[in-house]
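In: model the structure of this input:
(3 chains)
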Amino acid sequence: MAEIIERLEMNHITKRFPGVLALDDVTMNLQKGEVLALLGENGAGNTTLMNILYGLYHQDEGNVLLNDKKIQVQGPLDALEYGIGMVHQHFMLVPNMTVLENIALGMYQRTRFKMDLEKVRKRVLEVADRYNLTVKPDAYIWQLSVGEQQRVELVKVLTLGANLLILDEPTAALTPQQTDALIDLLRQMITQDTSIIFISHKLNEVKAVSDRVAVLRNGGLVFEGATKDHSAEDLAEKMAGREISYPKTSKKEEYGRPILQIEKVVAEGDQGTDSLQGVSVEVRSGEIVGIAGVSGNGQRELADVINGIRPVKEGRIQLDGVDISNYNPQQIIDLGMGYIPEDRMHEGTIPSFTVRENLIMKDYRQEPLAKNFFLRKGQIDDHAASLIDSFKVKTPSMATSCASLSGGNIQKVILAREITRKPKALVAAYPIRGLDIGASEYVHSQLIQAREEGMAVLLISEELDELLDLCDRIAVMYEGKVLDVLPREECTKQELGLLMAGVSHGKE
Amino acid sequence: MEKNKADNYRYLAVSVIIVLASLLIALLLGAFLFLIAGANPFEAYGVMLTQPLDGLFGITEMLVRAAPLMLVGLGIAIAFRSGILNIGGEGQIMLGVIFGTAVGLALPEMPKIVLVPVIFLSAFIGGGIWAGIAGWMRAYLNVNEILSTVMLNYIAIQVYLYLLRGPLIDPKEVSYGTGVPQSAPLPEAAWLTRFIRGFRLHSGLVIAIVLAVIVFLFLWKTTVGYRMRAVGAEPKAATYSGMNVKRNLVLAMVLSGGFAGMAGAVEVLGVHHRALESISAGYGFSGIVVALFGGLHPLGIIPASAVFGLLIVGSDMMQRAVEVPASIILAIQGLIILAIVSSNIFLRNPKLRDRLFKLLGGGKEAKIDPEGGRA
Amino acid sequence: MILEIIIGVIISGIPLSASLLFASLGEMFSQRSGVFNLGTEGIMMLSAFVGFYVVYIIGSPVLGILAAMAIGGLMGMLMALVSVTFKAQQGISGIGLYMFGWGVSGTLFRVYVGGVTNIDGIGKVAIPVLMDIPVIGQILFNQNPMVYLAYLLVPVSGYVLFRTSWGLKVRAVGTTPQAADTLGVSVERIRYQCVTLGGMMSGLAGAYLSIGQAQMFADNLTAGRGFIAVALVYFGRWKPVGIMWGALLFSMAHALQRSIQVYGIDFPYEIAVATPYVLVILVLALTYKGRSLGPLALGKPYNREFRG
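Out: The predicted structure is shown next:
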């Protein structure tokens, strides 16, 4: 077993990747029984720093001291031997193996043949008992909910002997109530000689659970201190490096006619069961309606059916009065639907194509960009140039491939393409996921602009702040149904949180 | 924009250098094979790479080989760029030969200007159908197209032999009792013009080059070509943009097989003037190497097919000179494929790319990918 | 006469299945770890030749088999180098390896042997007593020892894959490599091991063809078996028992085709020869209906994300 970690230091850590300085002389420390939060935007360097601690990367400069002894973490095996364990943002579990098998995967590093699952079972149950974490050892991972999977990850890392837990964005896929439960759990773990570092960009959780907080920005440590001494706004400014203004919308006197009408839609998911079990929601012209809910409750399938990528089993979808249920994607695009998909790199753009080629992806067949099946270079170049200019896409040239652009700029390309087509309805799925604050502000301002111009915007998001800032009305999805649609003024985070967890008051 | 043009050329140069390096590595490894086969590699390569260029015979033969290689290579480039791997060239060539020969023998009275295009079209249809089977199975049944096209190759050989020994056999073979499996000769109106008396160089080469230019225009200047490249590059994004991925996959395979079919027509009309047993001569596989070597780009495939024409003719000459069977070139082609696909990692490795880029005089802006990179 | 044909088909089907079984079980390990090796045909061709040649020169079938396995392992390692270290596209790399094996075997055969030459390979070994059981005795207990080995490998592979810690790692690496990586399992090393093992078993398959079954070498000895073996892995749903049934199915179809010719039934020779390949296509078309329970990471090179 590893020795208990009394004190951990990471001193002057620098890490370079091709073309980017990921970490610049970062120093931090941790005492036993402490909860340290690493706060920062996506790309600030938090995950990289922890990956170094866990041995997945190696630092270019700097050292790591464990209990005042210099250590060299070569890989996850070493890390676990030192007592350092990590739970990643996207769970590292094999879906078609059982909980026991997943944990056993980490236990037999030295042996090739022997495998005693009963011994593993004993250890797992001991750990689960000690930390009060319930797990079902023989369940397959694909059968478990997100919350249960996270518990498996925690049990796994504790069974493998970790007493320093690194948690990367642990609450990303949880409802507010589940988050509270996790926070309680973490507090309990501290009493068992466990130390915790967690990475987050969610200020309220950082405030709720951490003792100390370190803020990273662009690879450098900009601030470190006791959590209770600083307000959330204070920390937010330190994260972004400037004062942030959150664009907000205000209630309108009147909205236009219904543009997007989804009526009792039933659709099958990828596993063969119905992911949408009778969803109804309506978006009017000049309105932003939000779809709140934990990822995995049918949001992806809803976006799919609206855009013609998934068949509608029952129910109806109308776009400005036209029944588009089960139309193919091309027809729906032609009728005036815009879509900002969840995965900007693989669904929204073609990474190996140039910016110019990506900008014409929906209009390449029409005049003036094409004539008689031939693409017209001059027209395409002009069109692309004007889009790049008006949306301020930062790119060396329009002939640069989209893969080289930053996340924010890729999203700008998508926005430019979708919005300038002046669609009647616009579906935006998790549009600011993984973007820094500057890019997020820009995306939001564009969505607000679209609303001003009379588009009907359907915004799917996990961030309650985003929804409360932008939406006129918010619908909550749970297990394939819309539980309730509330006007923004009537929404509180608590109320939304309950709905997200499936607790409804019976209104439909 | 000027700087960018120069940079793009520099990037092209980087890609070319890396591809040539792969060729070199493959040839080096091939040298070991020559040693094992008991020959002097220097002597062998010397003959193989230079003797064809020594006289008119070598040069014309090289170009004779280049025509079918180019056509198969073009077809493969279309398929690969559309996201589907066509390994069925051998079989598609044979189906092209069958269709083309049958039509040619059935229309003996037609004038050349009608007969030749009609035969090419029939060959295109034959190869296209054969490839289309695999394309359809991939698009609608998610069957691995490499397995299906390879199986179709084996089936095609049998079908071809059956026809050549039976329904399509030259009546003269039957009446003389010799039984050689080959078809009757095609009417002279179908024969492609030969440029130089006494040598086999024929107008098929010109046809192939024209088609190469057409393929280039098709893939980069038309809406259909744009769509096919999009489907190949990122099928998910293509779907979300309204493109029908399945239909485009099938179309790509049909076009790919059609080109291979036309390669068969070129061999029949230009070289042998009838259908014979080993007419495909491995072009179905060599065409894959030509396509990769040419960067999956028509303008690269034109010179690449000449290079491989050289290697094929050279290996025949080498066999006579150092007595190593010409089949060694097949092994070397395999090594070339392995080297080229391995080189991709170096192309994508920013450090190496940057270093080469700077060596060629480029500046610091090293994050750009060349337009139209490989699939 | 029908019964005669059926028994004849079963008796000759079993030995015909051995080469498919060896190659397919090996490919199963490779695919379970996430790499599909279409060069299997090329490996079989070259190792068939090497095995044959060693027996031809030295006279020891055992050494021939070992040599064939060694060559298979080396070619497997080459495939691993190209697909795992260089992260090249696996389909094309496999075809490159196929052409390489095909070319080398053809060339060396012509250089060193030249014509059709028979060797004294390994013949049938009858198990006493058991062999005398009517009907079944001939079928099951009078086979080439390599055939017994092939069928023995079915439960052995199953045990290794599902009951050892190595097998656990293989399955993890082929489904969710990042899960294995973050626990300290070397994704690259496991894949190298599996692809090399696959190569060795394909080598064994080739050796069986030239030393056990045909007892000679010719250009078209393998006749696409390597590709069929890859297809069988899908058909058998990446499980040894499923693969075994697939191998038997194909071999019996092949045996049936042969016996049709022997019995002089009027059927065009070439169409009969094409039948097994048509069968493969039909099976591929029908198998894909089911939801894929196979290794989810199959065909995708693994790369720790280099994003900050």
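
In: how about the strands in the stretch 151-300 of chain A?
Out: For the stretch 151-300 of chain A, applying DSSP state E, counting those that start in this stretch gives strands covering A:164-168, A:195-200, A:212-217, A:220-226, A:258-268, A:274-284, A:288-292.

In: mind putting these into TSV with mean pLDDT and distance to chain C?
Out: C-betas here are computed from N, CA, C, even on glycine. Formatted as TSV, these follow (pLDDT from 0 to 100; distance: least, Cβ to the nearest Cβ, whole Å):
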stretch	mean pLDDT	distance to chain C
strand A:164-168	93	11
strand A:195-200	90	12
strand A:212-217	90	10
strand A:220-226	88	12
strand A:258-268	93	13
strand A:274-284	92	16
strand A:288-292	94	28
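
In: can you say which of those strands is packed in most?
Out: For the strands of the stretch 151-300 of chain A, the largest average neighbour count (mean count of other Cβ atoms under 10 Å in any protein chain shown) is found in strand A:288-292, namely a mean of 27.

In: now the angle from it to strand A:274-284?
Out: If you take axes from the mean of the first three to the mean of the last three Cα atoms, to 10 degrees, strand A:288-292 sits at 160 degrees to strand A:274-284.

In: quick one: list the elements packing against strand A:288-292.
Out: When contacts are defined as 3 or more Cβ pairs under 8 Å, 6 or more residues apart in numbering or on different chains; DSSP states H and E, strand A:288-292 sits against strand A:274-284, helix A:437-452, strand A:456-460, helix A:464-470, strand A:473-478, helix A:493-500.

In: about what we covered before: the strands of the stretch 151-300 of chain A into CSV, with extra columns for distance to residue C:171?
Out: Compiled in CSV, the strands of the stretch 151-300 of chain A are given as follows (distance: least, Cβ to Cβ, whole Å):
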stretch, distance to residue C:171
strand A:164-168, 25
strand A:195-200, 30
strand A:212-217, 37
strand A:220-226, 41
strand A:258-268, 28
strand A:274-284, 28
strand A:288-292, 37
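
In: mean confidence for stretch A:421-434?
Out: For stretch A:421-434, the mean pLDDT works out to 92.

In: between the two ends of it, what distance do you get?
Out: Terminal residues of stretch A:421-434 lie 25 Å apart, using Cα to Cα, to the nearest Å.

In: can the host helix or strand of residue C:255 be found next to chain A?
Out: Per DSSP states H and E, residue C:255 falls inside helix C:240-262. No. Using Cβ under 8 Å from any Cβ of the partner chain, we find that helix C:240-262 stays clear of chain A, coming within 15.9 Å at best.

In: what residues sit buried inside that helix?
Out: C:240, C:242-244, C:246-260 (16 or more other Cβ atoms under 10 Å in any protein chain shown).

In: can it be said to contact chain B?
Out: No. Helix C:240-262 is not in contact with chain B by Cβ under 8 Å from any Cβ; minimum separation 11.3 Å.

In: check which helix or strand residue B:277 maps to.
Out: Residue B:277 belongs to no helix or strand, assigned by DSSP H and E.
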